[in-house]
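# Compute the structure for the input listed below.
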Amino acid sequence: MSAPLQQIQSLKARMQQSIIGQEDVIDRLIIGLLANGNLLVEGLPGLAKTRAIKAMAENLEADFSRIQFTPDLLPSDVTGTEVYHQAGGEGTFRFERGPIFGNIILADEINRAPAKVQAALLEAMEERQVTVSGTTHKMDPLFMVMATQNPVEQEGTYPLPEAQMDRFLMHVLITYPPVEDEVKVIQLVRAEEQKAFAAPDSGDKKDAQQAVSDAIPQSVIFEARAQIAGIHVSDAIAKYMADLVYATRTPEAYTEDLGRWIEIGASPRASIALDKCGRTHAWLNGRDYVDPLDVQAIAPDVFRHRLTLSFEAEGDGVSPDTVIREMIKNVALT
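Numbers count the residues shown, from 1 in each chain. This next block holds a predicted model:
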């Protein structure tokens, strides 16, 4: 096992200590970080979406920013703006960076803000830069956005257009944990409360200093990315990825049900995402090559937000995951 892989496994173990019952979410967060992509995470309130990304940031040498999206938010509240400063009788405009200029960004409830704010965030995600008053400001090399949205309370929200959702590497769904894990959640939160009340402020500072000293350096992420770039993808696996994407565009060629369910298929971004996430999944499992199981494991997260289902599918209660399972079952590895 390589040194970067050992440290990434250590990061995963630390996150699992504070996140109970959401192992798949932790895996997808790490895959998104290593694949240099951004995630859209959807789940009901209270399912540890915020806690998960904070746990990642706390265990990395990284700046964490949280942006609470609201209907009155402005693009400049996200990106920053030019501010007039006066000193010595002279005034100048200086760019004051917004919260988007961090390493790990939580865009909480992204569908609560209007389209112009969403567009400002998505532009920064895609271009890795912000342009204000004709000046371009680059993001740090380590940059990842995790945007969350709730599937309930849709009144007064601004759903992301399908074309903009395509810019997210993966769409991750969070579900309720099983009963056994919920018992562990109760015990974990109780233990954290007991520790907080028992430790004086000086102890808290000592714990914070210890956490900073134990944090995984950013260089580990870049070393891991370099190794992932060298993961072998055979011609057969590359064609399998392309066939899966192509099946979303010509679903009637595979089964009658797929033809009725899929109205618009996935863009070439889906092929790129399958390749990036497949290689990352293989690397995390200690292999230097991608096999079909890697592709199938991450396919639902890659396709979930890239398929436009027909009115008939929605009327029958067919979910994107059902469509993806049917697609994987009918696309052969040749």
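
# tell me the contacts of the residue nearest to residue 292 when sequence neighbours are not counted?
Spatial nearest neighbour of residue 292, chain neighbours left out: residue 333 (5.4 Å); criterion: CB to CB, 6 or more residues apart in numbering. In short, each C-beta sits where N, CA and C put it, glycine included. For residue 333, the contacting residues are 236, 237, 240, 292, by CB atoms under 8 Å, 6 or more residues apart in numbering.

# In terms of helices and strands, where is the nearest residue to the first one once chain neighbours are set aside?
Leaving aside its sequence neighbours, residue 236 sits nearest to residue 333 (CB to CB, 6+ apart; 6.5 Å). Element membership of residue 333 [criterion: DSSP states H and E] is none; it lies in no helix or strand.

# and residue 333, how far is that from residue 275?
Separation of residue 333 from residue 275 (CB to CB, to the nearest Å): 15 Å.

# give me the low-pLDDT residue ranges for this protein?
Within the chain, the segments meeting pLDDT under 70 span 1, 153-154, 199-213.

# Outside of stretch 288-302 itself, list whatever touches it.
Counting by CB under 8 Å, 6+ apart, the neighbours of stretch 288-302 from elsewhere in the structure are 28, 31, 169-172, 230-234, 237, 240-241, 244, 270, 273-274, 277-279, 281-282, 285, 320-321, 324-325, 328, 333.

# Swap in 6 Å and give it another go.
Outside of stretch 288-302, the residues that reach it under the criterion CB atoms under 6 Å, 6 or more residues apart in numbering are 170, 172, 231-233, 237, 241, 270, 273-274, 277-279, 281-282, 321, 324, 328, 333.

# Same check on stretch 79-86?
Residues outside stretch 79-86 that contact it (CB under 6 Å, 6+ apart) are 91, 92, 93, 94, 95, 96, 97, 98, 100, 120, 130, 133.

# The third one should be in a strand, yeah?
Right, the one you point to is residue 93. Yes. Counting by DSSP: H, G, I helix; E, B strand; the rest coil, residue 93 is found in a strand.

# rewinding a little: filter the contacts of stretch 79-86 down to the buried ones.
Burial of the contacts of stretch 79-86 was assessed by neighbour count (16 or more other CB atoms under 10 Å); the buried members are 95, 98, 100, 120, 130.

# and of those residues, the nearest to residue 18?
Residue 18 lies nearest to residue 100 out of the buried ones among the contacts of stretch 79-86, by CB to CB, at 25.5 Å.

# still on that earlier bit, of the contacts of stretch 288-302, just the buried ones, ChimeraX syntax please.
Typed into ChimeraX, the line below selects the buried ones among those, using 16+ other CB under 10 Å:
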select :170,172,231,233,237,241,270,273,274,277,278,279,281,282,324,328
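
# So which of the contacts of residue 333 belong to helices?
The members of the contacts of residue 333 that map onto helices under DSSP state H are 236, 237, 240, 292.

# thought residue 98 was touching residue 78?
Yes. Contact status for residue 98 versus residue 78: in contact at 5.3 Å, counting by CB atoms under 6 Å.

# Walking through the stretch 151-300 of the chain, point out its helices one by one.
Taking DSSP state H, counting those that start in this stretch as the criterion, the stretch 151-300 of the chain carries its helices at 162-165, 179-198, 201-214, 218-229, 235-249, 256-261, 268-284, 292-303.
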